[in-house]
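Could you work out the structure for the sequence below:
(chains A and B)
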Number of protein chains: 2
Amino acid sequence: MKIGILGGGQLGYMFLQNALQYPVEIHVLDPAENAPCAPHAHHFVQGDFADYETVVNFGKDLDAIGIEIEHVNVEALQTLKSMGKRVVPDPDALAIIQDKSVQKKFYVDHEIPTAPYFELEDWKDLICSVTEFPVFQKANKGGYDGKGVQYLPSRNGLTNQLRVPSIYETPADLEKEIAVVVVADGNGNLVNYPVVELVFNQEYNLLDYLLMPSTLEDSLAQKAEKIARNVVEKLNSPGVFAVEMFLNKDQSIWVNETACRVHNSGHSTIEAAYSSQFDQMLRTLMNLPLGSSNLYATSAMVNLIGAEGQTGEAQIENIEELMQIPGVYLHWYAKSETRPGRKMGHITLVDEDVDRLKKNIAKVNQTVQVTAKK
Amino acid sequence: MKIGILGGGQLGYMFLQNALQYPVEIHVLDPAENAPCAPHAHHFVQGDFADYETVVNFGKDLDAIGIEIEHVNVEALQTLKSMGKRVVPDPDALAIIQDKSVQKKFYVDHEIPTAPYFELEDWKDLICSVTEFPVFQKANKGGYDGKGVQYLPSRNGLTNQLRVPSIYETPADLEKEIAVVVVADGNGNLVNYPVVELVFNQEYNLLDYLLMPSTLEDSLAQKAEKIARNVVEKLNSPGVFAVEMFLNKDQSIWVNETACRVHNSGHSTIEAAYSSQFDQMLRTLMNLPLGSSNLYATSAMVNLIGAEGQTGEAQIENIEELMQIPGVYLHWYAKSETRPGRKMGHITLVDEDVDRLKKNIAKVNQTVQVTAKK
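Got it, this is the predicted structure:
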């Protein structure tokens, strides 16, 4: 079976590592000739996944086409679907996700709880709008990894506004950020992993680690899972989905946004779950039964981010000390160059003892960093 | 870091899948241009790993060299070691393992329990030897996957003898076949996985599955682990070792033979252990601390063997039914052609409930087979 993936970055790379266990041939399309997947896929094609002709040509001799990034040409996927290819996620679902304005309307139409918002075709109209501040501006298109989002604290000083059609959201009264990864086979079956909780460093207000399962009490966790499953049910598409949510201080939950692909929130499923999100991605592409989302143990995931002031050939420092930590797993993304803030890898910790796990997270954060070779 | 592996078959393939998580560059040498590793390693070199010049040329610009097969040129590895490369296992240990006669003498010299034996330089002398029959003949060199071993039931009919220098062993009074995978970092630290038990189908006397941990009572399991660790300690080399043993009906344990590489016996560590044998292999090559051999759950491993009467382009039948079984993992070895008896893949089952595990093994065996495409 021939499977094509649009995008050959770290998500495609982790997908490929698992897919090599199966009787499949993996083709990858990415604009970067040195994309992480390039040396390892059965076939690598350098090209623009946002271009209609490129994507149709890439997919026309394959059996199934998936994505590891959402900014791909939807019309081409529609064409491939009409040619009888299995396309995951469904192009209609992808079209909803790709445009924040459409995605937001989808939540409202399906009575899925989400932050109050309004939208402006012309960003210049904000100055004369009747909204209260602060608001979060989210560009309708092209947002990724925190890009395309702007915090606007007050009516004074709107110079930071993104100058594109956007939605404007009321900020959550945030207690926690959480996420649920849900997998759908497209035949009506869903499985979900337990709630993941984003734990922030109180001092620096930076993401410290992701914890799965979360510390939420059962009834709240169940509520979050139910909301996430409802989102995916309504999207009516096979695939892996990550539903990111805000837990407000009044214990209400708002859907922030949904990814229709494998996601940072699900990385620790590689080691901690019977079937990982990458394994599920393959299963949905092969139209196989969904895997088990049961966990072996509690896990935490720490992103490995390129250090400030460091640009150049990437290296990880103190790998010996790191690999001494019990239950530690390194995932290096094989990107040749590090830049400040770039995701260069991640570390998963698995432990049945949650206190020990937390101590070891602190150790991980004190130990490794990604720098440029001198 | 540049790591070279001699051999690009299924063991190299599974090694590579894990190694892609680390900041390393993997080079593979194999005589077959369509070896499983060929399309996926950073660099693939087609060549003969038994040839001195080929191996030295392959390794001379790398940092570390490992093996996935034992029939490689030891002198070349000695040369590479003398050039300052990290070679795993140590060429001296490999030389002991490569020759059954030397290996057997090694056990005797170190008082490691093993089957009584004698050796003959000239196989024709067997007819006039004073031995009792039956005996197992094992060719000193080149044995692999059951090849190079011949059962000789009686003095009459020695026509099946292998016509090469061999050792001749008294058969065990067998209760069980067991194995222990031991990992050494070369700095005096060892870890071992729990005892693996080979479970045979009583009706057909064929290997049914491997179970880890075994059903041995604790004291016997500890005795087996102690013997295995002693073998590896005395070999005095970094690397992954599989010590295969016979448990006799009188509860004595004999070492059958030792592999100085990752091994069939350790495959279920991929899913069932914190650090798999393939991860340990990489750690020993990178000179990193050894990983944890703790288990997440009980596991069983079933080999996927090419069906009788089937030769040609390989396919796995009933994969949908297979993937429905809870806790199942497929490892397809990406060999293009199936042949009767050829190892084409394996299936691991992981379950905390051993009874359910055994039921699911039966299901696996009833479900899948590897055949040739029509």
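
and residue A:96, that's in a strand?
No: secondary structure of residue A:96 (DSSP: H, G, I helix; E, B strand; the rest coil): helix, not part of a strand.

roughly how far apart are it and residue A:289?
26 Å (CB to CB, to the nearest Å). Any C-beta I mention is one placed from the backbone N, CA and C, and that applies to glycine too.

swap in residue A:93?
The gap separating residue A:93 from residue A:289 is 21 Å, by CB to CB.

contacting residues for the closest residue to residue A:323 other than its chain neighbours?
Leaving aside its sequence neighbours, residue A:323 sits nearest to residue B:288 (CB to CB, 6 or more residues apart in numbering or on different chains; 4.5 Å). Taking CB atoms under 8 Å, 6 or more residues apart in numbering or on different chains as the criterion, residue B:288 is in contact with A:319, A:320, A:323, B:282.

who's more crowded, residue A:93 and residue A:289?
Between residue A:93 and residue A:289, residue A:93 has the larger neighbour count (other CB atoms under 10 Å in any protein chain shown), namely 24 against 20.

That one against residue A:237, yeah?
Yes: the criterion here is CB atoms under 8 Å, and residue A:93 meets it with residue A:237 at 3.6 Å.

Identify the contacts common to the two.
Joint contacts of residue A:93 and residue A:237 (CB under 8 Å, 6+ apart) are residue A:260.

which residues are contacting stretch A:356-373?
By CB under 8 Å, 6+ apart, stretch A:356-373 touches A:208-209, A:298-300, A:302, A:304-307, A:310-319, A:321-322, A:325-328, A:338, A:344-345, A:347, A:349-351.

Those residues in strands, which ones?
A:208-209, A:298-300, A:302, A:304-305, A:312-317, A:328, A:338, A:344-345, A:347, A:349-351 (DSSP state E).

Enumerate the residues of the stretch 1-150 of chain A near chain B.
A:13, A:16, A:17, A:18, A:20, A:21, A:22, A:23, A:39, A:40, A:42 (CB under 8 Å from any CB of the partner chain).

Out of those residues, which comes closest to residue B:187?
The nearest member of these to residue B:187, counting by CB to CB, is residue A:17 at 29.2 Å.

Residue A:165: neighbouring residues, count only.
Residue A:165: 16 neighbours (other CB under 10 Å).

which ones are touching it?
Applying CB under 8 Å, 6+ apart to residue A:165 gives the contacts A:101, A:119, A:120, A:121, A:122, A:123, A:139, A:140, A:141.

quick one, what contacts the closest residue to the first one other than its chain neighbours?
Leaving aside its sequence neighbours, residue A:101 sits nearest to residue A:140 (CB to CB, 6+ apart; 4.6 Å). Contact partners of residue A:140, counting by CB under 8 Å, 6+ apart, are A:99, A:100, A:101, A:102, A:119, A:164, A:165, A:166, A:167.

List just the nearest of those residues to chain B.
Nearest to chain B among the contacts of residue A:140: residue A:100, at 33.2 Å, using CB to the nearest CB.

distance of that closest one from residue A:150?
From residue A:100 to residue A:150 the distance is 12 Å (CB to CB).

neighbour count winner among these two?
For residue A:100 and residue A:150, the more surrounded residue by other CB under 10 Å is residue A:100, and the numbers stand at 23 against 17.

Surely that one touches residue A:143?
Yes: Residue A:100 is within contact range of residue A:143, at 6.6 Å (criterion: CB under 8 Å).

Tell me how many other residues crowd the residue lying closest to residue A:40 once chain neighbours are set aside.
Excluding the flanking residues, the one nearest residue A:40 by CB to CB, 6+ apart is residue B:40, at 5.0 Å. When neighbours are defined as other CB under 10 Å, residue B:40 has 25 of them.

For residue B:40, give me its contacts.
By CB under 8 Å, 6+ apart, residue B:40 lies in contact with A:20, A:40, A:42, B:13, B:16.

and if we set it to 10 Å?
Residue B:40 makes contacts with A:16-17, A:20, A:26, A:39-42, B:8, B:12-13, B:16-17, B:20, B:26, B:28, B:334, as judged by CB atoms under 10 Å, 6 or more residues apart in numbering or on different chains.

Out of these, which sit inside helices?
Per DSSP state H, helices hold the following members of the contacts of residue B:40: A:16, A:17, B:12, B:13, B:16, B:17.

Return the closest of those with respect to residue B:254.
Of the ones in helices among the contacts of residue B:40, the one sitting nearest to residue B:254 (CB to CB) turns out to be residue B:12, at 30.4 Å.

For the residue lying closest to residue A:34 once chain neighbours are set aside, give me its contacts.
Here the nearest residue to residue A:34 in space, its sequence neighbours aside, is residue A:336; by CB to CB, 6+ apart that works out to 5.8 Å. Under the criterion of CB under 10 Å, 6+ apart, the contact list for residue A:336 reads A:32, A:34, A:36, A:312, A:313, A:314.

Quick one: residues contacting the nearest residue to residue A:50 once chain neighbours are set aside.
Leaving out its chain neighbours, the residue that sits closest to residue A:50 by CB to CB, 6+ apart is residue A:73, at 5.5 Å. Contact analysis of residue A:73 by CB under 10 Å, 6+ apart lists A:6, A:48-56, A:79, A:91, A:94.

From those, pick the one nearest chain B.
Proximity of the contacts of residue A:73 to chain B, judged by CB to the nearest CB, is greatest for residue A:6, which lies at 20.0 Å.
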